[in-house]
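Asker: Predicted model and sequence below, questions to follow.
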Amino acid sequence: MKRYSFYGVLSLVCAYLVWAYSFLGNSPEEKALEISSYSYGKDSSKGNLIGVEPFMLPGDYSNQKRFLEKTESYFIHAKRSGWITDKTIFVFPEYYGTWLVVSGEKSSLYTSPDLQSGMIYFILRNPFSFLYHFFTSKENDKIQAAIFKIKADKMREIYGDTFSALAQKYKVSILAGSIVLPSPSVRNGKIVLGTTSLFNTSFVFGKDGSVLGEPIRKKFLTEEEKPFLDSNLKPGTVIDTPAGKMGVLVCADSWYPESYSNLKGSGADFVAVPSYINRGETPVWDQAWAGYNGEKNPSDVDPKDIGKITEGQAWKKYALETRASRSGFKNGINVFLQGKLWDLEADGRAFILRNGKPETVLVPEHNKNRIYNLWL
């Protein structure tokens with residue numbers, strides 16, 4: 001009887017191992033959306049910012065090849081449009097690299113109806129590492145923290161390899177959008193991970209494929225981020241590029257006057273803002289603005305606007321378009337991640353500041369896969 005019990009347990013273990021380690025990183029191919037493109041100004045040999053608003057699906061993050069192909073499609077389109085020069089900078093949105101947390105998992109994760117169901121498959125495939133990080137994490141949201149810590153090294157590898165390769169291939173600089181990693185730093189042009197707090201961080205890759213400057217960590221966190229992310233001491237980082245000194249503000253950091261003061265004090269020439277808006281299954285861009293999320297309103301915010309103007313109007317009034325020009329910046333771009341990631345609807349529309357004035361960005365609602373070219 002004991003022998004049969006032993007073989008029964010062994011069979012279950014073997015079946016689990018076969019399930020857990022076979023057919024990973026596979027997702028049904030999705031029809032790619034046509035890329036819509038828009039250009040502002042003329043080439044004056046000062047360089048340009050190419051803002052990318054990619055429409056992402058879970059399968060785009062299933063493996064390194066899919067992620068590379070999706071990302072490169074925007075470089076191919078820009079090259080065909082004649083936009084790439086030796087001073088070009090690509091700007092990708094916030095959290096563009098964060099969803100690499102699901103790379104190399106079971107196909108059932110990518111086809112799950114909602115994110116919560118998908119994460120159950122993730123935990124079942126990584127039970128011991130999940131338990132280890134769950135019980136050793138100091139974050140309030142131990143589940144999210146554990147999930148990101150399990151995949152941190154793989155995320156860093158795919159993110160770093162992808163953008164390093166594309167920067168070298170197209171001879172451009174790339175603000176690669178943000179990614180959640182544990183205490184990241186830059187050493188000898190490479191991303192190096194720490195072992196403590198998780199940060200929402202962006203990196204800039206130079207034409208030689210190395211990381212330029214320091215990590216760009218987000219300071220002003222939203223209520224959704226606070227339970228598992230740590231914040232930077234100050235908002236904004238300036239990175240030297242062939243087109244000049246680029247000031248970078250990660251999403252909500254662009255809503256605060258001190259962010260622009262910090263960039264000005266560090267000598268920034270123009271501003272790039274990677275953003276991501278998600279409020280669940282319902283798009284919020286045209287819905288009533290609920291006010292600042294996670295931090296107190298700056299003193300210049302009119303409390304009467306809360307609940308009266310739309311989310312999009314609030315971004316226009318209180319973020320890059322108004323605050324950058326008021327701070328003396330002539331050029332800037334703010335792009336948003338698009339997509340349908342399980343039951344999460346990404347939202348938002350780009351803002352472009354050129355020669356001190358906002359550009360009118362008229363984008364049809366159905367055009368969800370977009371790039372914008374801003375000549376400096």
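Answerer: It's in.

Asker: Show me where the stretch 1-150 of the chain dips below the pLDDT cut-off.
Answerer: 1-28 (pLDDT under 70).

Asker: in it, which spans are strands?
Answerer: 36-40, 48-53, 55-56, 88-91 (DSSP state E, counting those that start in this stretch).

Asker: Distance to residue 112 and mean neighbour count added to those strands, as TSV?
Answerer: For every residue, glycine as well, the C-beta is placed using N, CA and C. Formatted as TSV, those follow (distance: least, Cβ to Cβ, whole Å; neighbours: other Cβ atoms under 10 Å):
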stretch	distance to residue 112	mean neighbour count
strand 36-40	29	17
strand 48-53	25	27
strand 55-56	16	20
strand 88-91	31	27
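
Asker: Tabulate the ones you listed (a markdown table), appending distance to residue 292.
Answerer: Listed next are those as a markdown table, based on distance: least, Cβ to Cβ, whole Å:
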| stretch | distance to residue 292 |
| --- | --- |
| strand 36-40 | 29 |
| strand 48-53 | 23 |
| strand 55-56 | 26 |
| strand 88-91 | 24 |
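
Asker: Distance of the residue lying closest to residue 326 once chain neighbours are set aside relative to residue 242?
Answerer: Counting by Cβ to Cβ, 6 or more residues apart in numbering, residue 260 is the residue found nearest to residue 326 once chain neighbours are left out, at 7.8 Å. To residue 242, residue 260 is 23 Å away according to Cβ to Cβ, to the nearest Å.

Asker: Please say which of those two ends up with more neighbours.
Answerer: Between residue 260 and residue 242, residue 260 has the larger neighbour count (other Cβ atoms under 10 Å), namely 26 against 15.

Asker: other SSEs contacting the helix or strand containing the more buried one?
Answerer: Secondary structure from DSSP states H and E places residue 260 in helix 257-265. Secondary-structure packing of helix 257-265 (3 or more Cβ pairs under 8 Å, 6 or more residues apart in numbering; DSSP states H and E): helix 320-326.

Asker: what does the helix it packs on rub up against?
Answerer: In this structure, residues lying in contact with helix 320-326 by Cβ atoms under 8 Å, 6 or more residues apart in numbering are 249, 254-255, 257, 259-260, 271, 273, 315-316, 332-334, 351, 353, 356-358.

Asker: Buried residues in it, which are they?
Answerer: By 16 or more other Cβ atoms under 10 Å, the buried positions in helix 320-326 come out as 320-325.

Asker: coming back round to it: show the subsequent helix or strand relative to the helix holding residue 260.
Answerer: Using DSSP H and E, the helix or strand that follows helix 257-265 in sequence is strand 270-275.

Asker: CA atoms of that following strand as CSV?
Answerer: Extracted in CSV, the C-alpha atoms of strand 270-275 (Å, rounded to 0.1, in the frame of the first residue of the first chain):
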residue,chain,number,x,y,z
PHE,A,270,13.3,69.8,-23.0
VAL,A,271,11.0,67.4,-21.1
ALA,A,272,9.7,63.9,-21.7
VAL,A,273,7.0,62.3,-19.7
PRO,A,274,6.1,58.6,-19.9
SER,A,275,2.6,57.9,-18.5
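
Asker: Report the angle between that strand and strand 48-53.
Answerer: 10 degrees (axes from the mean of the first three to the mean of the last three Cα atoms, to 10 degrees).

Asker: Neighbouring strands of strand 270-275 in the sheet, and parallel or not?
Answerer: strand 244-248 (parallel), strand 332-336 (parallel) (DSSP bridges).

Asker: among those, which is nearest residue 111?
Answerer: strand 332-336 (25.3 Å; Cβ to Cβ).

Asker: Check the gap between residue 211 and residue 239 for me.
Answerer: Counting by Cβ to Cβ, the gap from residue 211 to residue 239 is 10 Å.

Asker: Out of the strands paired with strand 270-275, flag the one nearest residue 204.
Answerer: strand 244-248 (7.2 Å).

Asker: What are the buried residues along the closest one?
Answerer: Across strand 244-248, burial judged by 16+ other Cβ under 10 Å covers 244, 246-248.

Asker: same question, stretch 341-359
Answerer: Those would be 341-342, 344-354, 358-359, for stretch 341-359 by 16+ other Cβ under 10 Å.

Asker: same question, stretch 191-204
Answerer: For stretch 191-204, a neighbour-count test (16+ other Cβ under 10 Å) marks 191, 197-204 as buried.

Asker: do stretch 278-298 as well
Answerer: So stretch 278-298, judged by 16+ other Cβ under 10 Å, has buried residues 278-279, 283-285, 289, 292, 295.

Asker: Need the CA coordinates for that stretch. CSV is fine.
Answerer: Extracted C-alpha coordinates of stretch 278-298, given in CSV (Å, rounded to 0.1, in the frame of the first residue of the first chain):
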residue,chain,number,x,y,z
ASN,A,278,-5.6,52.7,-15.6
ARG,A,279,-8.8,52.6,-13.6
GLY,A,280,-10.0,49.1,-14.3
GLU,A,281,-12.3,48.1,-17.1
THR,A,282,-13.7,51.6,-17.9
PRO,A,283,-11.7,54.3,-19.8
VAL,A,284,-11.5,57.5,-17.7
TRP,A,285,-10.0,60.0,-20.1
ASP,A,286,-13.4,61.6,-20.8
GLN,A,287,-14.8,61.0,-17.3
ALA,A,288,-15.0,63.5,-14.4
TRP,A,289,-11.6,64.1,-12.8
ALA,A,290,-11.4,62.7,-9.3
GLY,A,291,-8.5,64.9,-8.2
TYR,A,292,-4.9,64.1,-7.4
ASN,A,293,-4.3,60.5,-6.7
GLY,A,294,-1.9,59.6,-3.9
GLU,A,295,-0.6,63.0,-2.9
LYS,A,296,-1.9,66.4,-1.8
ASN,A,297,-3.0,69.0,-4.4
PRO,A,298,-0.4,71.7,-5.1
